[in-house]
Structures are given as structure tokens and as C-alpha cells.
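Peer 1: Have a look at this prediction, sequence included:
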Amino acid sequence: MMNKNILFFLLLAAGVANAQQKDQMVFDKPAAYFEDALPIGNGRIGGMVYGGVSKDRISLNEATLWAGYPVDPNMNPGAKQYLPLVREALFAGNYKKADSLTKFIQGKFSASYAPLGNLFMNFNIKEPSKYSRMLDLARAVVTVLVEADETRYSREYWVSHPDQLMFVKLSAKGKNKMDVVLTMNSLLRHKVEMSPAGLSMNGLAPSLAEPSYRGNMPNAVQYDSANAMRFTSLIKVLSTNGHQTISDSTIQVSDANEILLAISLGTSFNGFDKHPVQQGRNEKRMAEAALQKLGSAQYDILLKKHVADFSNYYNRVSLDLGSSAEQLLPVDQRLKNFSKGARDNALVALYFQFGRYLMISSSRTPGVPTNLQGIWNEQVRPPWSSNYTININTEMNYWPVETTNLSEFHQPMMGFIKNLSKTGAVTAKSFYGLDGWVAHHNSDIWGISNPVGDFGKGDPVWANWTMGGTWMTTHLWQHFLFSNDTAFLKKEAYPIMKGAALFCLQFLVKDSKGNLVTAPSTSPENVFITDKGQKGAVLFGGTADLAMIRELFANVIDAEHILKQDPAFSIQLKQALAQLHPYQVGKKGNLQEWYYDWADNDPNHRHVSHLFGLYPGASITMSKQPALADAVKRSLELRTNNGTGWSIAWKINLWARLHNGERAYDAIKTILTYYPADRNEVKMAGGGTYPNLFDAHPPFQIDGNFGATSGIAEMLMQSHDDEILLLPALPIEWPNGSVKGLKARGNLTVDIVWENGKLKSANVRPSTAINKQVRYGAKTWQISSSKPLSIQF
């Protein structure tokens, strides 16, 4: 029998047709934990809606509210003198000494993303007889419905990008009216008071918040008002038929049938290179201005404007993998059932679209990309500082943005890369004595590019990885490939790509065979065991480094072929590319991770960076390097599909590139393993999905959501290997389905329909005249104009 709360919701949600239920996440109880709550956001303002009956909570975030302030990239001017010493130790085979010396090439830790606070709404509602909570992905609106004492209470929550405000609409119909008391608090230093603009909370972010992995250390969180970003939160009752009572720290509305609230947030952030105090914006004026612009706008108009804006992007892509009776259950129950083997293809489609929903909701602030938790965080010292971890996680956040037709939302990432290249140029000079620019393992809103570790206290296994800028620049090239925007390539992308390539060109050195290698080199967060049993992290010529350099050099060469403005540099890169130490196949048939055929300290390590050339890179493809592709396959078999959430997501993409739908689907099943919200733990394996469909590393990291969405798109369509592949990795578990609106490189839009596991029809629409081959199995079609290609079987 259908749960009565869910039936109650479906009957009461006016205008919600059965066809729309695939885009809804329904729950039958309030959230008890962050990982139960529902995320809303407009790319700057974020909220987690708990939906409590008598006490509701919305945790508040603002994408630019971070600890710290801009730091001098030239923080360790003596670091570069250790580079030749590290290389000398490496080429002498003294890896332990190299590890120790590498610690001298470190600087400060990154800053931490901060939680702004909470809005609480206390109601006079008795024990409910019915309850439902729902996130409508297509409309980006959370709705809570409660029935108690012959009264139906409705709440709607959304964050509008056009109005730059969060809205909450409260209503009561039936026997009783509403009484509600509004309050705010924060884990940061703050003061709540009444102001002419509304209930106001003003405060400071920490000037320093140490990474949580440094443990319970003294003075881990520090406040210095001369160096701390300011923030403001304002709550205003826009309209009500009730009576308002105002105190210094609360707003009470009584005897109301309707209440419309607006929440405005502001910070003093004024740019990655601007001090938030000395050069900061007026955060109060910013928050007040958004409210003042509203004028007398009404609920219907505000909501319509928001939905029109959001759905314009969301509705570009649809995915139908079939329906089932499971769709009538709450999402958390569906996830539990799926983990136990229930078939629920509609849950996979929902999970795919949830990733797109999160992208639209979190990535619209110029120069401020989504961090480890998107824009949603409730901790002052969140896991890994909720920063930009650029040895996989930040990049993975943007894997689906082009393929799933959300190219505009790539802009914050590309603006950030530009910022990073500026600090990275100083880091390249001060830490290595080289030209170009470089970035390492961590960054933050201030664009730090140095190796972190607090000047020698960090482990080189993660602190001293040098390929952050190299990897990040591939996003600039991919954006060009999808958009065909030559002006962007010339003005924005190429100078940054060239700078990263110049650093790599100068950083490369010759090994004993005359091949070019990186030294020092690490394979992100992994440890090798030499043939003599020695463990270490620092070596030379790591496969991941060279795969990323191959990708970057090839991209810059291709860009020069288009722009025809820098032939001499292109020739240099071609010469270096030909001299790079080649990929190696190990004795187990795997793609070697290390320069030598050494073992891994952890054979199932979560990082698979040495497989970069297959995905997200393209230096290894099934058609052009089948032997290397087989070696990647063997490496994946040895690693297994287990791991952290983002690791599993990466494997979905890798298996898709290998055209292995069954292994890719197995990885999807693995990442959709139910993970309880009440487990507050950090683990390096055993990832899955929380009840609210957030990725479980654990803890929550949003990269797994984005990576899995990308992987599902790759299973259905690929365009990286000079042609468009239709259904390259379709699993037998998806016999019938359709996808509309995917994007292929060259700015082509692709719709696909399949039945009984075989292509039924496809429509490929170029944006301009283009020559492109389309393939399904052994069959090919050619596009040679701007006319759409229609395929029918």
C-alpha cells in the first residue's frame, strides 16, 4: 500500500502531473541531519531545508564567505634552492631523502569555506497526522506539507537568481491560523539585532580556520577583525495577513494564513586579490539593496520569475530510463531498496538530473567555482576545509557541465583558473625559479597556488603535487571544443594554457634514457613500494604527471593550429611531446602508475590518476591505442569499483570510455549504495549516497554527484575521439529509454531513443556548418553542413 503521507502529498500538490514525478525527490519525514536536508541555491546563496514540523531550520551559506584573506604567493623565497637537491636524490635512487627534502618546498595551508548561519522558524503546530517534504528539481522549489488539527500547512522555499534572494512562503488553510517566531544564529562571531531593513545578523568569518585534519590543535580558529571577512543576513516579512511583533532578536507573526519572507545575504568579498576589510564591499548595503529592488513584487510574480530562470537551463536535457512502482516511495527508501537489489532505473535518472540541479544551484558566482561541498556547509572547520582540492575534486565538479548542456555554469571555474594563473606565476618563480605558472594540491577563494603543508609539516604525498594548473587548463580547452568560441580561445584560454605549458616545458628534465620526465613527481596521494621494499611518495616520471602534460601540450598545439599566432612555441611543444617518457605496461598487464613497475602500498587506492589519459583526457582511446586501453582496463580490475564516492564516480567515466556498460553500471550501483545520514565519519573507502542523494565520500563531497552525472552521459554519448558515438556503453539493465539535449564537441545537440538495447532513432543538430562523423556500432553517418542529421531504424 502506498505510504499515506506520500499519497497526501501527491493529491495536494496542485498541478503536479504524473509525468513530472520523475523530477521530484519526495520524503515522508523531516530531516534530522544535514545529509537528510534538501539543498536550494542560486549559485551564491545556499540553503539546506530541514522541514521540521514545529521547529523548522534552514542552514544558510554564501558562496564568497571564506576564512582568511589574500596571501603573498612569494611566501617561501628559499624553496627553489631545494629543487636541484631533490632531483639529485631522486636520480641517485635515494627516495627517502627526496621525500624529506621536498618538505622544504611548502607554504601555507589554504583558507576554509565558512558557514554563515541558520534561520529558525518556530510554529505552534501540534503533532501532525500527515507530512511530506519534496524537492522539485525542475522548478528548484522545496515544498513541505503538514496536516495537523484539521489544518493544512504549506511551506515553499526557493532561492532566486534574478532577485538574488531566498524566499519562504508559509500558508495555513483550515481550522487554525499560524503563529511563527523567526530567529537566526551562527557558529561564527555574530550579533542579531533589528534594523530598518529587517531582522539583521552581522558577523565575521574567521581570519584563520585550520584544516580539520590537523586535529584538535590550539587556536585552530582565530578572529582578527582587521583581517576577517564580514557578512550580513537580513530577514524581512514581505507580506502577511497576520500581526507582527518585533523584538531585538526575533520577529513574531501571529494569526496568519499567509506569510512571505525574503532572506538576503551579503559579504565583504570583493575579489580574490582584494583584502576583505581594507578593500571589501559594504556587505550591509549589498544585502539591503537586493530587498530594496523588490519593491511591491508579489509571490506569484517572484516565483514565476525564478522558475522561468531555472527551468530554462534544467529543461535542456531529459533522461528517461523507464518507470517502476519504486517511484511511489520516498527517495531514501528507494535508495535503500536499490542497494538491496531492487530495480529502479528511474532513480538513476533522478540521480543524473540531481547532479544537473546541483550545478545550476551552486555555480553562478564569477570566479568562485563550486567547492568540495558545492555551496552547502555547516561546519567552521569542514572536512578538508571545503576548499578547492585540485588534484581531482574541483575538476570533477565540472566534468558534466558541457556534456549535459550547462556550459554557462563553467564560467566560475574558468574565471577561477584565470585568478589562479596570476598567483601561480609568482609561485612558479619563487618555489621553482621557472617561468609560466603552476598550482598544487589545494586552493581557495584567494587563489593560493603554493604547495601547502605549513612550511614542511605536510606530507609530500599530497602537498607537493605540481600538476594542478596543468589539469585545470584542460577545462579551458574543453569549453572551446564544445562552444567553438574562437574569440574565447584567443583572448582568454590560450594565454593561460600557454603559461601552464611553459612551466611544464621548463620543469621537465631528462632521465637516463634521454626521455623527458617530471622530477619531483607524485601520483596524487598514493604511495609506492620499490623492488627493495622501500615505501615513498616522491619519485620522477609519474604516469599521471606525464599524461596531463601530454594533454596540455596537445591542446596548446591544436589551439595554435587554429589561431596561427605562436608557431615557435608550438614547435617547442611538439619536440618535447615526442621526447616524453612513454606509457608503460606492467607485468600484471596494467598501466604502470610509477616510472618503474613498482607495487602500490594500497592496491585498491581511491585515486586512479595514472588513468587520466583515458578520462578525462584523450591521449588513450579505444580506437587509436587499443593496447593501452586494455592496460587501463586491467588497472581498473585491480583497483575494483569500490572506493570513496568520487573515486567510484571516476570509474563510471573510465568504464564508459572503455565501452563497457556492465562495469559502468556496476559502478553506478556501487555509488548508489545507501549510506546513513547519522554516521559522522571520514573514511577512505566504502563510499555511497546519503538519504538526500548527496555523495558520501564519506563524509559529504559533491564531486561524486557531478562525476556520476558525467559518467551516465558518457555511457550514452561520447565525442572525444573525432566522432560522435551513440550508446557506446549502454548496459543491459537499461533496455529502453531516451535522452534529449546532450551536447557533443563542436556544439552539436544530440537526442537518442533506444528500444530492446538497440538504437531506434537519433537527432544530431549542429549550431553551425560542421564536418562530423556519427557512429553507432559499425554504422556511420556524416554531417557536412548546418542541417540536422536524423537517424531512424
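Peer 2: Everything's here; your move. Numbering: from 1, shown residues only.

Peer 1: can you pull the contacts of the closest residue to Gly322 other than its chain neighbours?
Peer 2: Using C-beta to C-beta, 6 or more residues apart in numbering and skipping the chain neighbours, the partner closest in space to Gly322 is Asn345 (4.7 Å). The C-beta positions use only the backbone N, C-alpha and C, and glycine is treated the same way. Asn345 makes contact with 321-324, 733-734, 737, according to C-beta atoms under 8 Å, 6 or more residues apart in numbering.

Peer 1: Val753 belongs to a helix, doesn't it?
Peer 2: No: per DSSP: H, G, I helix; E, B strand; the rest coil, Val753 lies outside any helix segment and is strand.

Peer 1: Correct me if wrong: it contacts Ser738.
Peer 2: Yes: using C-beta atoms under 8 Å, Val753 and Ser738 qualify as a contacting pair, with a distance of 4.4 Å.

Peer 1: Gly47 touches Val159, doesn't it?
Peer 2: Yes: counting by C-beta under 8 Å, Gly47 touches Val159, with 6.3 Å between them.

Peer 1: Compare those two and say which is more crowded by neighbours.
Peer 2: Gly47 (30 against 27; other C-beta atoms under 10 Å).

Peer 1: Now do the phi/psi pair for that one.
Peer 2: Backbone torsions for Gly47, taken as degrees, to the nearest 10, come to phi -140, psi 150.

Peer 1: just Ser790 next, same as before
Peer 2: Dihedral angles (degrees, to the nearest 10) for Ser790: phi -110, psi 130.

Peer 1: ok, now which ones touch the nearest residue to it once chain neighbours are set aside?
Peer 2: Residue nearest to Ser790 in three dimensions, not counting chain neighbours: Asn763, with 5.5 Å by C-beta to C-beta, 6+ apart. Neighbour list for Asn763: 750-751, 788-791 [criterion: C-beta under 8 Å, 6+ apart].

Peer 1: separation between Asn763 and Asp320?
Peer 2: Asn763 sits 15 Å away from Asp320, going by C-beta to C-beta, to the nearest Å.

Peer 1: Would you double-check that the residue nearest to Ser790 falls in a strand?
Peer 2: Yes: Asn763: assigned to a strand according to three-state DSSP.

Peer 1: ok, what's across the strand from it?
Peer 2: Asp751, Ser790 (DSSP bridges).

Peer 1: Let me see the ranges of the strands in the stretch 101-250 of the chain.
Peer 2: For the stretch 101-250 of the chain, strands defined by DSSP state E, counting those that start in this stretch occupy the ranges 117-123, 130-136, 141-148, 151-160, 165-174, 178-185, 189-195, 198-204, 208-209, 221-222, 230-240, 243-246.

Peer 1: Could you export the ones you listed as TSV, including distance to Lys633?
Peer 2: Formatted as TSV, the strands of the stretch 101-250 of the chain follow (distance: least, C-beta to C-beta, whole Å):
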stretch	distance to Lys633
strand 117-123	48
strand 130-136	38
strand 141-148	42
strand 151-160	43
strand 165-174	47
strand 178-185	52
strand 189-195	53
strand 198-204	52
strand 208-209	43
strand 221-222	47
strand 230-240	49
strand 243-246	66
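
Peer 1: closest one to Leu725 among these?
Peer 2: Closest approach to Leu725 among those (C-beta to C-beta): strand 130-136, 33.2 Å.

Peer 1: Give me the distance from that closest one to the chain's centre.
Peer 2: Averaging C-alpha positions (C-alpha atoms, centre = their mean, to the nearest Å) puts strand 130-136 26 Å from its chain's average.

Peer 1: Over to stretch 703-713?
Peer 2: Mean-position distance between stretch 703-713 and its chain equals 9 Å (C-alpha atoms, centre = their mean).

Peer 1: Just the mean pLDDT for it, thanks.
Peer 2: For stretch 703-713, mean pLDDT is 98.

Peer 1: Stretch 261-269 now?
Peer 2: 98.

Peer 1: buried ones in the longest helix anywhere in the chain?
Peer 2: If you go by DSSP state H, the chain has its longest helix at helix 543-563. Neighbour-count burial for helix 543-563 flags 543-557, 559-560 (criterion: 16 or more other C-beta atoms under 10 Å).

Peer 1: Do I have it right that Gly68 meets Glu210?
Peer 2: No: using C-beta under 8 Å, Gly68 makes no contact with Glu210, being 10.9 Å away.

Peer 1: more neighbours, these two?
Peer 2: Each of Gly68 and Glu210 has its neighbours counted (other C-beta under 10 Å); Gly68 has more, 25 against 21.

Peer 1: In which helix or strand does that one reside?
Peer 2: Assignment of secondary structure by DSSP states H and E places Gly68 within no helix or strand.

Peer 1: ok, it - contacts?
Peer 2: By C-beta under 8 Å, 6+ apart, the neighbours of Gly68 are 111-112, 206-209, 227, 229, 444, 446.

Peer 1: circling back: can you say which of the strands of the stretch 101-250 of the chain is nearest to Ala568?
Peer 2: strand 208-209 (45.8 Å).

Peer 1: got the contact list for the closest one?
Peer 2: By C-beta under 8 Å, 6+ apart, strand 208-209 touches 67-68, 111-112, 114, 219-222, 224, 380-381, 385.

Peer 1: quick one: which of those residues is most hemmed in?
Peer 2: Neighbour counts for these (other C-beta under 10 Å) peak at Ala114, which has 32 neighbours.

Peer 1: For that residue, which residues are in contact?
Peer 2: 65-67, 188, 205-206, 209, 229, 377, 380 are the contacts of Ala114 under C-beta under 8 Å, 6+ apart.

Peer 1: Same list (the residues you listed) but as CSV, adding pLDDT.
Peer 2: Compiled in CSV, these are given as follows (pLDDT from 0 to 100):
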residue, pLDDT
Leu65, 98
Trp66, 98
Ala67, 98
Leu188, 98
Ala205, 98
Pro206, 98
Ala209, 97
Met229, 98
Asn377, 98
Val380, 98
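
Peer 1: re earlier: need the residues touching each of Gly68 and Glu210.
Peer 2: What both Gly68 and Glu210 touch, as defined by C-beta under 8 Å, 6+ apart, is the set Ser112.

Peer 1: before we move on, back to that, among the contacts of strand 208-209, which two are most distant?
Peer 2: Farthest pair in the contacts of strand 208-209 (C-beta to C-beta) is Asp224 and Ser385. Separation: 18.1 Å.

Peer 1: before we move on, the earlier item: can you list the contacts of strand 208-209 in CSV and add distance to Ser784?
Peer 2: Below are these laid out as CSV (distance: C-beta to C-beta, whole Å):
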residue, distance to Ser784
Ala67, 55
Gly68, 54
Ala111, 51
Ser112, 53
Ala114, 53
Asn219, 66
Ala220, 62
Val221, 62
Gln222, 63
Asp224, 63
Val380, 58
Arg381, 57
Ser385, 51
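
Peer 1: center of this structure, which residue is that?
Peer 2: Asn397 (2.7 Å; C-alpha atoms, centre = their mean).

Peer 1: ok, that one - contacts?
Peer 2: 363, 369-370, 374, 413, 702-703, 706.

Peer 1: any idea how far the closest residue to Ser619 other than its chain neighbours is from Arg87?
Peer 2: Once flanking residues are discounted, Ser619 sits nearest to Gly613: 4.2 Å by C-beta to C-beta, 6+ apart. Distance, Gly613 to Arg87, by C-beta to C-beta: 25 Å.

Peer 1: So between the two, which is more surrounded?
Peer 2: A direct count of neighbours by other C-beta under 10 Å for Gly613 and Arg87 places Gly613 higher, at 24 against 16.

Peer 1: The more buried one contacts Leu628, correct?
Peer 2: Yes: the criterion here is C-beta under 8 Å, and Gly613 meets it with Leu628 at 7.4 Å.

Peer 1: Common neighbours of the two, please.
Peer 2: With C-beta under 8 Å, 6+ apart as the test, Gly613 and Leu628 both reach 583, 620.

Peer 1: Which helix or which strand is home to Asn692?
Peer 2: Counting by DSSP H and E, Asn692 is part of no helix or strand.

Peer 1: Tell me who's in contact with it.
Peer 2: With contact set as C-beta under 8 Å, 6+ apart, Asn692 has these partners: 25, 31, 35-39, 331-332, 677.
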